[in-house]
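K.L.:
sequence plus the predicted model coming up.
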Amino acid sequence: MTIDNAKPKLVVIVGPTASGKTALSLKLAKKFRGEIVSADSRAVYKYLNIGSAKPSPKERQGVRHHLLDVVKPNETLSLAQYKELATKAILDIQRHGKLPILVGGTALYIYAVIDNWLIPEVPPNEKLRARLEKQSAAKLFQQLLKKDPEAKNFIDPQNKRRIIRALEIIAATKKPFSQQRAHGPQLFDTLILGVKKEADETKKNITKRTQQMLKTGLVIEVKKLLKKGYSPSSPALSGIHYKEIIDHLEGKMTLAKAVALINKNDEQLVRRQMTWFKKDSRIRWVKNQKEAEKLVKKLAR
C-alpha cells in the first residue's frame with residue numbers, strides 16, 4: 001500500500017450485516033485512539049436503535065461516534081449530504097489527533113467517501129416522488145432496471161426510497177444512475193479492512209441477532225415510532241426489521257412469520273453487500289483482531 005503523508009489517514013471497516021464490524025471497530029478505536037464514523041443507512045435515523053443494530057450506549061462509552069441519529073424517521077438524507085457530513089467528521093477527527101474509522105455495510109456511503117464520488121446535485125422532484133410513492137418497491141425496481149440494468153449491483157430492491165431517488169436522478173439527468181459516479185481526487189490515505197463469516201455462521205448470527213432484537217424490545221420500538229405519528233411509509237421504516245414488524249402489527253402476518261422474513265431478507269442483504277465488496281481488490285479481509293491491528297499499526301505509523 002502506498003502511503004501519502006499529505007492525506008489524512010482513514011481506516012475503513014466493511015462487510016455484510018451481522019459479520020462483526022461493530023465489535024472490531026470498537027476494539028480498534030480503543031487501541032488506536034480512534035473515533036467511529038457510521039456508514040449505515042439506518043443508523044442515521046433518530047429513534048431507530050434496536051432494529052438498526054446501533055451500538056448501545058454502553059458500547060459507545062469511551063469511543064466517540066459520528067453520524068448516528070442525524071435525521072428524523074420521516075426525513076431523508078441524500079447520498080451527497082451523507083458524503084459531506086462524513087467527510088467533515090473524518091477531517092475533524094484527524095485534526096484533533098485521533099484516528100478516523102469509517103464503519104458500515106452501506107456500500108454507497110462507503111464508496112462515496114473513500115472514492116470521492118462527484119454526486120450530481122439533483123433537487124427533489126416532489127411531483128415525481130408522489131407519483132412513484134404510490135407504486136410498490138418491486139414495480140419501481142423493475143422500472144429502474146429497464147432504465148439502468150447495472151443498478152441491480154448496488155441498489156437494494158426493497159429500499160423504496162433509494163429506488164425512487166435513483167429514478168429521480170435519471171429523470172433529471174437523462175443518464176443511467178450507474179454512470180453518474182465520477183470520481184474526484186482521493187481525499188484520504190485509506191486502509192480498507194473486510195470482515196466476513198462463512199455462510200452457515202452468517203445465517204446463525206442473523207438468527208441470533210434477530211432474537212436478541214426481539215428480546216431487547218424491537219416490537220415495542222416499532223410501536224413507539226408509530227405512536228409518535230411516523231407513517232409506515234416513512235423512509236426510516238421501509239427497511240428490514242421495521243417493515244416486517246409493521247406488517248405483523250397490522251395483522252398481515254404472525255410474529256413468527258415476520259421473524260422468518262426478517263432472517264430471509266437479511267440473508268439476501270448479505271449477498272447484495274458481498275456483490276459490492278467482492279469486486280474491491282483493495283479490501284484486506286481479516287480473520288481476527290490481531291490481523292486487523294497489525295495492518296492498522298502500519299497505516300498509523
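P.N.:
Received, thanks. Numbering: from 1, shown residues only.
K.L.:
remind me, longest helix of this structure?
P.N.:
helix 255-278 (DSSP state H).
K.L.:
return that one as PDB; C-alpha atoms alone will do.
P.N.:
Below are the C-alpha coordinates for helix 255-278, written out as PDB (Å, rounded to 0.1, in the frame of the first residue of the first chain):
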ATOM      1  CA  LEU A 255     -44.800 -12.600  14.600                       C
ATOM      2  CA  ALA A 256     -43.100 -16.000  13.800                       C
ATOM      3  CA  LYS A 257     -43.600 -15.300  10.100                       C
ATOM      4  CA  ALA A 258     -42.300 -11.700  10.400                       C
ATOM      5  CA  VAL A 259     -39.200 -13.100  12.200                       C
ATOM      6  CA  ALA A 260     -38.600 -15.700   9.500                       C
ATOM      7  CA  LEU A 261     -39.000 -13.000   6.800                       C
ATOM      8  CA  ILE A 262     -36.500 -10.700   8.600                       C
ATOM      9  CA  ASN A 263     -33.900 -13.500   8.600                       C
ATOM     10  CA  LYS A 264     -34.600 -14.300   4.900                       C
ATOM     11  CA  ASN A 265     -34.300 -10.600   4.000                       C
ATOM     12  CA  ASP A 266     -31.100 -10.200   6.000                       C
ATOM     13  CA  GLU A 267     -29.600 -13.200   4.200                       C
ATOM     14  CA  GLN A 268     -30.400 -11.600   0.800                       C
ATOM     15  CA  LEU A 269     -28.900  -8.400   2.000                       C
ATOM     16  CA  VAL A 270     -25.700 -10.200   2.800                       C
ATOM     17  CA  ARG A 271     -25.500 -11.500  -0.800                       C
ATOM     18  CA  ARG A 272     -26.100  -8.000  -2.200                       C
ATOM     19  CA  GLN A 273     -23.500  -6.400   0.100                       C
ATOM     20  CA  MET A 274     -20.900  -9.100  -0.800                       C
ATOM     21  CA  THR A 275     -21.500  -8.400  -4.500                       C
ATOM     22  CA  TRP A 276     -20.100  -5.000  -3.900                       C
ATOM     23  CA  PHE A 277     -17.200  -5.900  -1.600                       C
ATOM     24  CA  LYS A 278     -16.000  -8.900  -3.600                       C
END
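K.L.:
show residues contacting it.
P.N.:
In this structure, residues lying in contact with helix 255-278 by C-beta atoms under 8 Å, 6 or more residues apart in numbering are 14-18, 105, 107, 111, 153-154, 156, 158, 194, 196, 202-203, 206-207, 210-211, 214, 219, 240-241, 244-245, 247-248, 253, 283. To be clear about C-beta, it is placed using only N, CA and C from the backbone, and glycine gets the same treatment.
K.L.:
stretch 230-243 too?
P.N.:
41-42, 45, 48, 51-52, 72-76, 133, 137, 158-161, 210, 213, 218, 222, 225-226, 246, 250, 262, 265-266, 269.
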